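Student: With the input below, show me the fold.
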Amino acid sequence: MKKLLLILVFGWLQQGLQAQPILSEREQSRVVDEILEERFNTILPGLMERTGIDFWLLISREYNEDPVLRTMLPSTWLSARRTTMLAFYFNATTKQVEKFAIARYNIGKSIPAAWDMSAFPDQWDALIELIKKKNPKKIGINISQDFGHADGLDHTHHQLLLQKLPAQLKNRVVSAAPLAVGWLETRTTREMQLYQKLVAITHEIIAEGFSSRVINPGVTTTDDLVWWFRQRVTSLGLPTWFHPSVSVQRSDTVNFEHLRSFSNRPENEVILPGDLLHVDFGITYLRLNTDIQQHAYVLRPGEADAPAYLKKAFATSNRLQDILTSQFKTGITGNDILKAAREQAIKEGIKPSIYTHPLGLHGHAAGPTIGLWDKQDGVPGSGDYPVYSHTAYSIELNSASFIPEWGKEIRIMLEEDGYFDGQTFRYIAGRQEKLRLISY
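Tutor: The predicted structure is shown next:
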């Protein structure tokens, strides 16, 4: 009986997911490894040629993994092992990348072991011999001031590497940040096909959470809804990369301010008719991440639609999205996009706040930062990084609108995931263009 109940519950939890049934662990493993092999063979050679780094070295210890190295491990490796050393050499003649694991065993099917322990009992000696043999022009290591994702070489290994390298090779060591960021931000065609399903699943879960099936106005609290989202994801066999949040704006004396929205939200507010609800939610699946923010309105008795003033405020944020995404061009920086979008929005009478970020193998991913909520004049470093083609972004922003009926200013905070192919920007699985409605 207990087993039957579990089967029935699992079946209920899977209901309503039209985007894609969640693959079994075994099938997920197969897909992840196929995509990883494709990325090594199709993305990495072009990136190494573009950056001029012909030898890329990644070193990690178990449970202290470089963020980039973690994305290169096979699906059955949940962490590095002992000291894991990966080396990639770009052969300028063949235009191919040769892959090496200075390890006792192969790292999956993609990276063969290249440590002859009988000839070099010390792992570092084996690494140095490989570098000498390849004689690269530039040895890229993951150190970076601007990108945490590209700063994964720890202090101990950095010191050891410089101690072990012969003098004639030390001056060839450079930051691999442009290569590391390029690896993380570049999406393949197959990844984007999967991404459409990931975002659609995320939208479906939000739609279910923002419904009378889950919310009972006057009873359900914001914390109840937050934990429903967490449980829903777990029940589907998926993780998430951040704890969801649910907040309320309503006709009261509380004014919007960013710090309250991001970290000082009231806990356990009871959801009431007439409330404007907001959720920030994402999932992780097949090593990719989503990040979505949407709004819903809780209908009052007798209402069939949201008030016109809320719909107008919502349309303003949609317009701000259009202004921002129209600025995407290959080669311009995140700060360029931010400046142009803000100028156009302000010219149109919009009060904008833009804090858009790359998306992919991490939620807050590597690539050009397009504003931070507390840095609307540009972000030094990561904001100076240029936009490249085949990259994904969370278009995250808000616009302020004064609501006379409430006697205060509100913010419509939207976030939708999109893709830039080098020519045009598109939303991966559409965007919210009207308020979700919750009746009871």
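Student: Check the contact between Asp421 and Ser389; I expect there is one.
Tutor: Yes - counting by Cβ atoms under 8 Å, Ser389 is a contact partner of Asp421 at 6.0 Å. Just so you know, the C-beta spots here come from the backbone N, C-alpha and C atoms, and that holds for glycine as well.
Student: How is this structure partitioned into domains?
Tutor: Here the domain assignment for the chain is 25-184, 187-438, based on automatic domain parsing.
Student: what about the first one, how long is it end to end?
Tutor: In terms of Cα to Cα, to the nearest Å, the two terminal residues of domain 25-184 are separated by 23 Å.
Student: Give me the buried positions along stretch 126-136.
Tutor: Buried positions in stretch 126-136, judged by neighbour count with 16 or more other Cβ atoms under 10 Å: 126-131, 134, 136.
Student: And stretch 138-148, by the same measure?
Tutor: By neighbour count with 16+ other Cβ under 10 Å, stretch 138-148 contains the buried residues 138-144, 146-147.
Student: Same question for stretch 29-45.
Tutor: For stretch 29-45, by 16+ other Cβ under 10 Å, it's 31-33, 35-36, 39-40, 43-45.
Student: Can you show me the CA trace of it as CSV?
Tutor: As requested, the backbone C-alpha atoms of stretch 29-45 are provided in CSV (Å, rounded to 0.1, in the frame of the first residue of the first chain):
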residue,chain,number,x,y,z
SER,A,29,23.9,11.5,-17.4
ARG,A,30,24.0,10.5,-21.0
VAL,A,31,22.8,13.9,-22.2
VAL,A,32,25.3,15.8,-20.0
ASP,A,33,28.2,13.8,-21.3
GLU,A,34,27.2,14.1,-24.9
ILE,A,35,26.9,17.9,-24.6
LEU,A,36,30.3,18.1,-22.8
GLU,A,37,32.0,16.1,-25.6
GLU,A,38,30.4,18.4,-28.2
ARG,A,39,31.5,21.5,-26.3
PHE,A,40,35.1,20.3,-26.1
ASN,A,41,35.2,19.6,-29.8
THR,A,42,33.2,22.5,-31.2
ILE,A,43,33.5,25.4,-28.8
LEU,A,44,36.9,25.1,-27.2
PRO,A,45,39.1,25.2,-30.3
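Student: Report the rounded mean pLDDT for that stretch.
Tutor: Averaged over stretch 29-45, pLDDT sits at 96.
Student: which residues sit against that stretch?
Tutor: 23, 72, 74-76, 88, 90, 95-97, 99, 108-110, 183, 186, 188, 190-191, 194, 286-287 (Cβ atoms under 8 Å, 6 or more residues apart in numbering).
Student: State the distance spanning the first to the last residue of stretch 397-412.
Tutor: 8 Å.
Student: mind listing what's buried in that stretch?
Tutor: 397-401, 403, 406, 408, 410-412.
Student: and which of those is nearest to Leu160?
Tutor: Leu397 (44.2 Å; Cβ to Cβ).
Student: quick one: the closest one and Ile354 touch, right?
Tutor: Yes - Leu397 is within contact range of Ile354, at 4.6 Å (criterion: Cβ under 8 Å).
Student: shared neighbours of these two, which are they?
Tutor: By Cβ under 8 Å, 6+ apart, the residues touching both Leu397 and Ile354 are 320, 324.
Student: Run through the stretch 151-300 of the chain and note the low-pLDDT ranges.
Tutor: Scanning the stretch 151-300 of the chain for pLDDT under 70 picks out 256-265.
Student: swap the cut-off to 80 and go again
Tutor: 255-267 (pLDDT under 80).
Student: just the helices in it please.
Tutor: 155-164, 167-170, 177-185, 189-209, 222-235, 258-262 (DSSP state H, counting those that start in this stretch).
Student: Could you identify which of the ones you listed is most buried?
Tutor: helix 177-185 (a mean of 24; mean count of other Cβ atoms under 10 Å).
Student: and that helix, what does it pack onto?
Tutor: helix 44-51, helix 67-70 (3 or more Cβ pairs under 8 Å, 6 or more residues apart in numbering; DSSP states H and E).
Student: Between these, which one is closest to Asp384.
Tutor: Nearest of those (Cβ to Cβ): helix 44-51, 16.3 Å.
Student: who does the helix or strand that that closest one is followed by touch, helix- and strand-wise?
Tutor: Later in the chain than helix 44-51, the nearest helix or strand by DSSP states H and E is strand 55-61. In terms of contacts (3+ Cβ pairs under 8 Å, 6+ apart), strand 55-61 is packed against helix 67-70, strand 83-91, helix 123-134, strand 139-141, helix 155-164.
Student: Listing partners with orientation, what would you give for the fourth one?
Tutor: So the one you mean is strand 139-141. Strand 139-141 pairs in its sheet with strand 55-61 (parallel), strand 173-175 (parallel), by DSSP bridges.
Student: hey, which of these is tucked in deepest?
Tutor: Comparing those by mean neighbour count (mean count of other Cβ under 10 Å), strand 55-61 ranks first with a mean of 24.
Student: tilt between that strand and helix 44-51?
Tutor: Using axes from the mean of the first three to the mean of the last three Cα atoms, to 10 degrees, the inter-axis angle of strand 55-61 relative to helix 44-51 is 110 degrees.
Student: How far off centre is strand 55-61?
Tutor: 23 Å (Cα atoms, centre = their mean, to the nearest Å).
Student: again with stretch 362-373
Tutor: Chain-centre distance of stretch 362-373: 8 Å, with Cα atoms, centre = their mean.
Student: and the helices of the stretch 151-300 of the chain as a markdown table, adding distance to Ala103?
Tutor: Converted to a markdown table, the helices of the stretch 151-300 of the chain look like this (distance: least, Cβ to Cβ, whole Å):
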| stretch | distance to Ala103 |
| --- | --- |
| helix 155-164 | 15 |
| helix 167-170 | 21 |
| helix 177-185 | 20 |
| helix 189-209 | 27 |
| helix 222-235 | 34 |
| helix 258-262 | 42 |
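Student: Quick one: closest of those to Ala119.
Tutor: Comparing those by their distance to Ala119 (Cβ to Cβ), the top pick is helix 155-164, with 16.4 Å.
Student: now what about that closest one, what contacts it?
Tutor: 57, 59, 61, 83, 124-125, 127-128, 141, 143, 153, 170, 173.
Student: taking the buried residues of stretch 397-412 one by one, which sit in strands?
Tutor: Judged by DSSP state E, the buried residues of stretch 397-412 include 397-401, 403, 408, 410-412 as members of strands.
Student: quick one on the thing from earlier: of the contacts of stretch 29-45, keep whichever come out buried.
Tutor: Buried among those by 16+ other Cβ under 10 Å: 72, 74-75, 88, 90, 97, 99, 108, 110, 183, 186, 191, 194, 286-287.
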